[in-house]
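In: Fold the following for me, if possible:
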Amino acid sequence: MEKLKKLSQLSAQMAVGLSLEQMLVQASDLLRVHYKVDGLSLWDFDAQERCFCCTFYTGSLPSNLGKFIPETKIPASLLDPERFALFTTKRHMNAEETAFLEQYRRHEAAVADYLLTPIAPGEAIEGFLSIRTTCLIGDWKEDDLDTLLVVISQIKERFLRDKYDRLLKDLQREKSLLDEIQDIAKVGGWEYDLATQSMYWSEETYRIYGYPVGSTIDAQIGIQHYEGEDKAKIIADFEQLLQSQTPYERELRFKDARGKLKWVRTTGRVRVTHGKPTHAFGAFEDITKEKMLINKEHDAHEYLATIINNLNDVIVTVSDTGTILTANARVEDVFGYTPAELVGQNVSCLMPSPYGEVHHQYIESYLKTGNAKILGIGRELPAMKKNQAVFPIELSLTEVLQDNEPHFYRHYQRHYRAKKCGRQNLQIGLFQSPDQFTERVLV
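Out: Numbering: from 1, shown residues only. Below you'll find the predicted structure:
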């Protein structure tokens, strides 16, 4: 009667806000005194590591506190919630289950029975509460056992509440981190529920659209911010995504809720669950600055090309093998070739014999030794037009070292400035790394 009274008091105390550890300590002390309990342990499932960790232990030494049991080491029957009613005892365990539990006790201790109860709020077991006794649990009085089960139930409830709180904090922390990353990267996300036809936007997606976070949105609101051809493209992409699960990725013009013009990169995919499409989702990225930089770079190249094409000089760029890569418009007036005709040919086509035949040797020699006889010095040489006519030019070479990287990354620019005796000039740029052509500055 006395122990029943104490268990009832403990049960009442647990209901008024003890921490999980306090509940376990008090329950362990009472069970040891009145029920000949050798030990009590709590095992928490770590979903990431796929193992059970002992987070509380009282009983004979050595302690199990902090030990990990891989999920694969536990008998499959003990991981099935349907295996249990409320708990199981040694009498109802098979040989494999009993042998497993025997591994986690001090063998000198006279353990007569086990009470193992799962913590399983759903289809998966989140933990175990294990009690070892030096007497048979079947000998306990029914009232004692009922009161004990109430205490166990409150421990399990507190365990799940604490675990939920931890998961919620982790989720909030991850969400905050994701929101910060999205804000820095200007990348948001969206999700469309195919069953309810409801739309979800991340906070960054709201910001890109220019709406207050949490505003009511749907698929049509999202689409209406595109205009003209871009609107038709996104409508077709979204319909194809829903009808045939065809993914898409687009860079489109966009106007936000404040009327600000933007460029966005939007993607769409379908999530399939149990063989059935359930959600459409994707990323939504503000690429306005990226587009502006590309446009500025394009404008700069256009501006440079305009200047180059209006010079009196002929400018030809060649690779380290002598292949012509570009030529300005002036080349047609001086040499009779259009720029398109020259690209891909060897620069020796602009030189009469014997200069054309040995020009590649000059290039190879310079790349190996760095010595050039006409570096920075004007020199008169013959050149050859498309019609094979030969005419004199003045040729000089200027070298520009653009970085100090190793040889296989480094490239040189060499400019041959040529002047015909009738004010006709030729400038040839030599590049060691062809992938740098779009970055060149011709002087």
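In: switch to C-alpha atoms for all contacts and neighbour counts from now on
Out: Will do.
In: For the protein, name the helix or strand with the lowest mean pLDDT.
Out: None of the helices or strands of the chain scores lower by mean pLDDT, DSSP states H and E than strand 412-420, at a mean of 39.
In: From P354, how far off is V334?
Out: 21 Å (Cα to Cα, to the nearest Å).
In: swap in T98?
Out: Distance from T98 to P354, counting by Cα to Cα: 96 Å.
In: The two: who's more crowded?
Out: T98 (17 against 9; other Cα atoms under 10 Å).
In: residue contacts, that one?
Out: The contact partners of T98, taken as Cα atoms under 8 Å, 6 or more residues apart in numbering, are K90.
In: CA atoms only for the helix or strand where it lies, dumped as CSV, please.
Out: Using DSSP states H and E, T98 sits in helix 95-102. C-alpha atoms of helix 95-102 as CSV (Å, rounded to 0.1, in the frame of the first residue of the first chain):
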residue,chain,number,x,y,z
ALA,A,95,15.9,-16.4,-27.3
GLU,A,96,17.3,-13.8,-29.7
GLU,A,97,15.7,-10.9,-27.8
THR,A,98,16.8,-12.2,-24.4
ALA,A,99,20.4,-12.7,-25.6
PHE,A,100,20.4,-9.1,-27.0
LEU,A,101,19.3,-7.6,-23.7
GLU,A,102,21.8,-9.7,-21.7
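In: can you offset everything so residue one is 39?
Out: Got it, first residue is 39 now, which makes that one helix 133-140.
In: In that helix, which residues are buried?
Out: The neighbour-count check on helix 133-140 (16 or more other Cα atoms under 10 Å) flags E135, T136 as buried.
In: Mind giving me the packing neighbours of the very next helix or strand once past that helix?
Out: Using DSSP H and E, the helix or strand that follows helix 133-140 in sequence is strand 151-157. Packing partners of strand 151-157 (3 or more Cα pairs under 8 Å, 6 or more residues apart in numbering; DSSP states H and E): strand 126-127, strand 165-171.
In: got JSON lines for these, with distance to R88 too?
Out: As requested, these are exported to JSON lines (distance: least, Cα to Cα, whole Å):
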{"stretch": "strand 126-127", "distance to R88": "23"}
{"stretch": "strand 165-171", "distance to R88": "12"}
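In: Compare these and report which one is nearest to Y244.
Out: Closest of the helices and strands packed on strand 151-157 to Y244 is strand 165-171, at 39.8 Å (criterion: Cα to Cα).
In: tell me the average confidence for the helix or strand just after the closest one?
Out: Downstream of strand 165-171, the next assigned helix or strand under DSSP H and E is helix 180-223. For helix 180-223, mean pLDDT rounds to 79.
In: buried sites along whatever helix or strand comes next after helix 180-223?
Out: Sequence order places strand 225-231 as the next helix or strand after helix 180-223, per DSSP H and E. For strand 225-231, the neighbour count (16+ other Cα under 10 Å) marks V225, G226, G227, W228, E229, Y230 as buried.
In: shaky segments in the stretch 39-188 of the chain?
Out: Applying pLDDT under 70 to the stretch 39-188 of the chain flags the ranges 39-55, 99, 143-148.
In: oh sorry, the question was meant for the stretch 339-481 of the chain
Out: When residues are selected by pLDDT under 70, those of the stretch 339-481 of the chain lie in 405, 408-416, 432-481.
In: ranges for the helices of it?
Out: For the stretch 339-481 of the chain, the helices defined by DSSP state H, counting those that start in this stretch occupy 368-373, 377-380, 393-407.
In: Determine the set of other helices and strands touching the longest one.
Out: In this structure, helix 393-407 packs against no helix or strand, with contacts taken as 3+ Cα pairs under 8 Å, 6+ apart.
In: now the first one
Out: If contacts are counted by 3+ Cα pairs under 8 Å, 6+ apart, helix 368-373 sits against strand 351-356.
In: Tell me which strands the strand it packs on pairs with, and in which orientation.
Out: Strand 351-356 pairs in its sheet with strand 362-365 (antiparallel), strand 462-469 (parallel), by DSSP bridges.
In: Redo the buried residues of strand 225-231 as JSON lines? Include distance to P113.
Out: Output for the buried residues of strand 225-231, formatted as JSON lines (distance: Cα to Cα, whole Å):
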{"residue": "V225", "distance to P113": "46"}
{"residue": "G226", "distance to P113": "44"}
{"residue": "G227", "distance to P113": "42"}
{"residue": "W228", "distance to P113": "42"}
{"residue": "E229", "distance to P113": "40"}
{"residue": "Y230", "distance to P113": "41"}
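In: now, which of those sits nearest G248?
Out: Of all those, G226 has the smallest distance to G248: 12.6 Å, by Cα to Cα.
In: how near is the nearest residue to I112 once chain neighbours are set aside to G382?
Out: Nearest non-adjacent residue to I112, counting by Cα to Cα, 6 or more residues apart in numbering: F138, 7.3 Å away. Using Cα to Cα, F138 is found at 76 Å from G382.
In: The nearest residue to Y95 once chain neighbours are set aside: which element?
Out: Nearest non-adjacent residue to Y95, counting by Cα to Cα, 6+ apart: S79, 4.3 Å away. Using DSSP H and E, S79 falls within strand 75-84.
In: now the angle from that strand to strand 165-171?
Out: With axes from the mean of the first three to the mean of the last three Cα atoms, to 10 degrees defining the directions, strand 75-84 sits at 170 degrees from strand 165-171.
In: Would you tell me what the next helix or strand after strand 75-84 is?
Out: Using DSSP H and E, the helix or strand that follows strand 75-84 in sequence is strand 89-96.
In: Run the chain-centre distance for stretch 186-195.
Out: Distance of stretch 186-195 from its chain centroid, counting by Cα atoms, centre = their mean, to the nearest Å, is 43 Å.
In: mind listing what's buried in it?
Out: The neighbour-count check on stretch 186-195 (16+ other Cα under 10 Å) flags L186, V189, I190, S191, Q192, I193, K194 as buried.
In: One more: stretch 339-351?
Out: H339, I346, N347, N350, D351.
In: Kindly report the same for stretch 296-312.
Out: Buried residues in stretch 296-312 (16+ other Cα under 10 Å): K300, W301, V302, R303, T304, T305, G306, R307, V308.
In: Using CSV, list the CA coordinates for that stretch.
Out: What follows is stretch 296-312, C-alpha atoms only, in CSV (Å, rounded to 0.1, in the frame of the first residue of the first chain):
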residue,chain,number,x,y,z
ARG,A,296,6.3,47.4,-57.5
GLY,A,297,6.7,47.6,-61.3
LYS,A,298,10.5,47.0,-61.2
LEU,A,299,11.9,45.2,-64.2
LYS,A,300,14.0,42.2,-63.4
TRP,A,301,15.5,39.1,-64.9
VAL,A,302,14.8,35.8,-63.1
ARG,A,303,16.0,32.2,-63.6
THR,A,304,13.1,29.8,-62.8
THR,A,305,13.2,26.0,-62.7
GLY,A,306,10.4,23.4,-62.3
ARG,A,307,10.5,19.7,-61.3
VAL,A,308,7.9,17.2,-60.1
ARG,A,309,8.1,15.2,-56.9
VAL,A,310,6.8,11.6,-57.2
THR,A,311,5.6,9.7,-54.1
HIS,A,312,4.8,6.0,-54.3
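In: Much appreciated, bye for now.
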